[in-house]
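Trainee: model this:
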Amino acid sequence: MKTLIAIVGSLLIGLAQLAAAQTPPAAPDNGMHRYLVERTFPAGALDGLDAALKAKVNANNARYGVHWVMSYANAAKTRTYCIYEGPSEAAIRKAATANALPIDSITEVPVTLLPK
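Mentor: Here you go, the predicted structure:
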């Protein structure tokens, strides 16, 4: 019986960890806001995106209190959809300018909707 309880307990912990790993980041609760930033790039512009360039972008972002959460790109790597956290839309724009990144649109997205 103890073995069965241990197995069930381990299974429940594993399921909880799996569910947590699949949950998108919640909106920040520290005065920060979450934004979706859409960008258009010329073909090939994202080909040089490496760890050093990402570190530079992150350092510039930090100067404005901005955090790059994640990005998605289309197959051609000419459009990106980036999730950022920051104190304001103005801070997101200042960080983009410092990084010489284009902005097509910025939308605040404070609500997370899950499919299940």
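
Trainee: could I have the CA atoms of stretch 102-113 written out in CSV?
Mentor: The C-alpha coordinates for stretch 102-113 follow below in CSV (Å, rounded to 0.1, in the frame of the first residue of the first chain):
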residue,chain,number,x,y,z
PRO,A,102,11.5,48.5,-35.8
ILE,A,103,8.0,48.6,-34.3
ASP,A,104,4.9,48.1,-36.4
SER,A,105,2.5,48.0,-33.4
ILE,A,106,2.4,47.6,-29.6
THR,A,107,-0.6,46.2,-27.8
GLU,A,108,-0.9,45.8,-24.1
VAL,A,109,-2.0,42.2,-23.3
PRO,A,110,-2.7,41.9,-19.6
VAL,A,111,-5.1,38.9,-19.8
THR,A,112,-4.0,35.3,-20.3
LEU,A,113,-6.5,33.0,-21.9
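
Trainee: list the buried residues for it?
Mentor: For stretch 102-113, a neighbour-count test (16 or more other C-beta atoms under 10 Å) marks residue 106 as buried. Using the backbone N, CA and C atoms, a C-beta is placed for each residue, glycine as well.

Trainee: kindly report the same for stretch 42-60.
Mentor: Neighbour-count burial for stretch 42-60 [16+ other C-beta under 10 Å]: 46, 57, 60.

Trainee: between those, which sits nearest residue 76?
Mentor: residue 46 (9.5 Å; C-beta to C-beta).

Trainee: what sits against the residue nearest to the closest one when sequence neighbours are not counted?
Mentor: Leaving aside its sequence neighbours, residue 46 sits nearest to residue 77 (C-beta to C-beta, 6 or more residues apart in numbering; 4.4 Å). For residue 77, the contact set (C-beta atoms under 8 Å, 6 or more residues apart in numbering) comprises 41, 43, 44, 45, 46, 47.

Trainee: doesn't residue 77 belong to a strand?
Mentor: No. Secondary structure of residue 77 (DSSP: H, G, I helix; E, B strand; the rest coil): coil, not part of a strand.
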